[in-house]
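Asks: show me the folded form of this:
(one chain, ligands or ions: 1)
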Amino acid sequence: MSRLPVMSSKRVLTSSSSSSENAQDFAPAQKKSRKDSDPVKPKAAATVIGAKRPPVGSTRPPLSKPARGGGAATVAVGPSRGVLKPSVASTGAKGGNMKQPVVSTGTKAGGTGAPRRHAWDLKGKVSDMEDKIRNYQTRVKSVNQENEVLKGSMFQSQNKVVEMEQQLIKQRSQISDYEKELQVLSGVRDELEKVSTDKNCLQKELSNLEGKYKVMETLRDSQETELQTLKMKLSVQESTLARLQATLRDTEEEVRSLKDTVAQQKDELHAGEMERRQLHNTIQELKGNIRVFCRVRPLVDGGLSKHIQFTPTDNKTVTLAKTEESHTGKTADTQKNYNFSFDRVFGPQASQQEVFEEISLLVQSALDGYNVCCFAYGQTGSGKTYTMEGDEFDETRGVIPRAVQQIFKAAEKLGAQGWEFTFTASFVEIYNETLRDLLYTGKASKRPEHEIRKSTNNEITITNLTYEKVSCEDQVLGLIALANQNRSTAQTAQNDRSSRSHSVFQLDIEGVHAGRDVKCKSTLCLVDLAGSERMVKSQSQGERFKEMTAINGSLSNLGIVIAALANKESYVPYRNSKLTYLLQGCLGGNSKTLMFVNIAPETDSFGESLNSLRFASKVNDCVIGTASANRK
Ligand SMILES: Nc1ncnc2c1ncn2[C@@H]1O[C@H](COP(=O)(O)OP(=O)(O)OP(=O)(O)O)[C@@H](O)[C@H]1O
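Replies: Residues are numbered from 1 along each chain as shown. Down below sits the predicted model:
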């Protein structure tokens, strides 16, 4: 690019300018040359370098030796381009003062071909000079032309340079564009790599999915097979269903007619149940609304009692026989018999089950809506508690647990006929004419006092007493256990207290037959009375005397009340004792009463047994008015 033309033009320009100057100053130079015709030792030498043609102006090579120590003027002419005339190099020996190169044809140097003019041949000389001038002018002209050409060339070159610079800028910007593009491409390459990684992952995933797809296809095939099987089964079952639907329609029709029959039978059943109740009650009334059962317990040693006799063919009589020895010893001993007749007499071998069978009819009456009262009367140790409560084993269980069991079973059966029962239990002790809640579970120090109250509808309630709602046999048995615990606690504090107190278990029964709008309400009252032994025998004193007075008072009042009821007296002294006041609802016209007279078979209990039997006999003679069920 920056090759020779520039250098060449510079040189040419320098040469040209010096040439023009030389052209103007040509004459004086000549003069000088002439004046200084003496050969001088030139200090510089003018050398023509690279001239291919011989110099036009010089006819012969310079004669003089190059001056020593002088400056050198060099005219360098670039390689000829066909424009330049042969350049002339002349060396003017002017010593060190020669500042500009002088092109001279120096006479001293002499031309190579031109003849040497004589001194006088001025004309010739002038002509030579003119030739020279013309030559120089031609050369100047050609140099100028060359210069112009070079200028043009330079201009072109400059343009080219500008152009190339522009190209360079353009290419640089292109390079920067390429670099940017490269950056973008490197981003693209990264992206490509990422895409390729993603692609690999996707391919793996695809292959996994393909595997799964194959599995699914297999599954689908098996399911399709299964579906086909199921469809076949379905069609079979549909036909079965159609058959069954037809059967169902028939069955529904049958059910409807059966329902009608059931409703009819329910009506009949209800009517039958009502009739049964009526008949049952009639039987109970025929048996007497107050019944007395005598039960003689076995001797403690298991032997047979000599003074109590039973009639093997008659289970309603019992005889107390007493042999009276002759006081004089001369007459034979006399035997005095006391015969008693009751609704039923149970000997020492009678089991608890046997005894209960007789009572169970009364228990049924309680469910039918009649008040039922069952109490055990007798001297201490005669078997009252055994009869009423019994032992905890199944066979020896007494009246209360068996009655409870029967009631819940019967209630369940009646439930199937539409009856719904609610039961409320209470357990109270009457000691020294004071009431004590046997189901109380609070602190002994906070035990409340109780009062017997009679409501406007003649219902007897006790204040502050625990009335426990019960729905099954076990619950009631739990309450009985709690009552026994309460009694034994009191017993340790006071010796043999249970014998000297009455315990009253009450189960309030409420039945509703919602479908027929029938209700019934009753109370089953089971009483274990205090020992009935006479005061004289017990030789009671102090607290014991008070106890015995209370017991005897309440027991004799029980007899009086029963007698008053039997005689249909206008006034019945219920309030004379807590016992009769409490049992008011269960005695009298609207109830069924059963009395156990318990007899101890020991000989020394003869007197007490006789008293008990006499008391029971009086009660047995009573016929309490016809009972009516508490129905609404
Ligand atoms: N029929 C019977 N068969 C077997 N044992 C009996 C019978 N009756 C009572 N006994 C037993 O006789 C004993 C006294 O009976 P029990 O305690 O029932 O008399 P009680 O009249 O309740 O006395 P108390 O007035 O002191 O409570 C008890 O051990 C009891 O188990």
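
Asks: could you point out which element follows whichever strand or helix holds residue 177?
Replies: Secondary structure assignment for residue 177, by DSSP states H and E: helix 122-287. Sequence order places strand 290-296 as the next helix or strand after helix 122-287, per DSSP H and E.

Asks: what angle separates that next one from helix 122-287?
Replies: 90 degrees (axes from the mean of the first three to the mean of the last three Cα atoms, to 10 degrees).

Asks: contacting residues around the helix or strand following strand 290-296?
Replies: Sequence-wise, the next helix or strand downstream of strand 290-296 (DSSP H and E) is strand 308-311. With contact meaning Cβ atoms under 8 Å, 6 or more residues apart in numbering, strand 308-311 is reached by 296, 317-321, 337, 345, 347, 599, 601, 609. All C-beta spots, glycine's among them, are computed from the backbone N, C-alpha and C.

Asks: please identify the buried residues of strand 308-311?
Replies: Neighbour-count burial for strand 308-311, counted by 16 or more other Cβ atoms under 10 Å, picks out 308, 310.

Asks: mind starting the numbering at 481 from now?
Replies: Okay, residue one is now 481; in that scheme the one you just asked about reads as strand 788-791.

Asks: get me the contact residues on the stretch 831-980 of the chain for the ligand.
Replies: Contact residues, the stretch 831-980 of the chain versus the ligand (Cβ under 6 Å from any ligand atom): 858, 860-866, 978-979.

Asks: which residues sit in contact with residue 1047?
Replies: With Cβ under 8 Å, 6+ apart as the criterion, no residue contacts residue 1047.

Asks: gap between it and residue 1038?
Replies: In this view, residue 1047 and residue 1038 are 15 Å apart by Cβ to Cβ, to the nearest Å.

Asks: next one: residue 964
Replies: Distance from residue 964 to residue 1038, by Cβ to Cβ: 24 Å.

Asks: between those two, tell me which one has more neighbours.
Replies: It is residue 1038, of residue 964 and residue 1038, that has more neighbours when counted by other Cβ atoms under 10 Å, with 25 against 18.

Asks: count the neighbours of the closest residue to residue 912 other than its chain neighbours for me.
Replies: In space, and not counting its chain neighbours, residue 912 is closest to residue 1030: 4.8 Å by Cβ to Cβ, 6 or more residues apart in numbering. Residue 1030 has 22 neighbours, counted by other Cβ under 10 Å.

Asks: name all residues that make contact with residue 1030.
Replies: Residue 1030 neighbours (Cβ under 8 Å, 6+ apart): 911-913.

Asks: just to revisit the earlier point, just among the residues of the stretch 831-980 of the chain next to the ligand, which is most surrounded?
Replies: In those, the most neighbours by other Cβ under 10 Å go to residue 858, 30 neighbours.

Asks: ok so, going back, which one in the residues of the stretch 831-980 of the chain next to the ligand is the model shakiest on?
Replies: Across these, the member with the lowest pLDDT is residue 978, scoring 64.

Asks: quick check, pLDDT for the residue nearest to residue 980 when sequence neighbours are not counted.
Replies: Spatial nearest neighbour of residue 980, chain neighbours left out: residue 1027 (4.7 Å); criterion: Cβ to Cβ, 6+ apart. Reported pLDDT at residue 1027 in the predicted model: 78.

Asks: can you turn the buried part of the contacts of strand 788-791 into a ChimeraX selection?
Replies: Those of the contacts of strand 788-791 that count as buried under 16+ other Cβ under 10 Å are selected in ChimeraX with:
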select :776,798,799,800,825,827,1079,1081,1089
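
Asks: turn the contacts of strand 788-791 into TSV, including pLDDT and secondary structure.
Replies: Formatted as TSV, those follow (pLDDT from 0 to 100; DSSP: H, G, I helix; E, B strand; the rest coil):
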residue	pLDDT	secondary structure
776	95	strand
797	92	strand
798	93	strand
799	93	strand
800	91	strand
801	90	strand
817	88	strand
825	94	strand
827	92	coil
1079	95	strand
1081	93	coil
1089	93	helix
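
Asks: what packs against the helix or strand hosting residue 846?
Replies: If you go by DSSP H and E, residue 846 is part of helix 832-847. Helix 832-847 sits against helix 602-767, strand 770-776, strand 824-826, strand 851-858, helix 879-896, strand 981-993, strand 998-1008, strand 1071-1079, with contacts defined as 3 or more Cβ pairs under 8 Å, 6 or more residues apart in numbering; DSSP states H and E.

Asks: tell me the contacts of residue 941?
Replies: 932-935.

Asks: actually residue 598, sorry about that
Replies: residue 604.

Asks: so which of the contacts of residue 1030 is the closest to the ligand?
Replies: The ligand has its nearest neighbour among the contacts of residue 1030 in residue 911, at 12.6 Å by Cβ to the nearest ligand atom.

Asks: can you pull the pLDDT of the residue nearest to the closest one when sequence neighbours are not counted?
Replies: Leaving aside its sequence neighbours, residue 911 sits nearest to residue 981 (Cβ to Cβ, 6+ apart; 3.8 Å). Reported pLDDT at residue 981 in the predicted model: 87.

Asks: and for residue 981, the neighbour number?
Replies: Using other Cβ under 10 Å, residue 981 is surrounded by 25 other residues.

Asks: what do you get for residue 722?
Replies: Counted with other Cβ under 10 Å, residue 722 comes out at 10.

Asks: pLDDT wise, what is it at?
Replies: 93.

Asks: roughly how far apart are it and the ligand?
Replies: From residue 722 across to the ligand, the span is 70 Å (Cβ to the nearest ligand atom, to the nearest Å).

Asks: out of the contacts of strand 788-791, which is nearest to residue 676?
Replies: Checking these against residue 676 with Cβ to Cβ, the nearest one is residue 827 at 112.0 Å.

Asks: what does this structure put close to the ligand?
Replies: 777-778, 858, 860-866, 978-979, 1011, 1078.

Asks: the residues you listed in strands, which ones?
Replies: Among those, the members found in strands (DSSP state E) are 858, 1078.

Asks: doesn't residue 820 belong to a strand?
Replies: Yes - membership of residue 820 in a strand is supported by DSSP: H, G, I helix; E, B strand; the rest coil.
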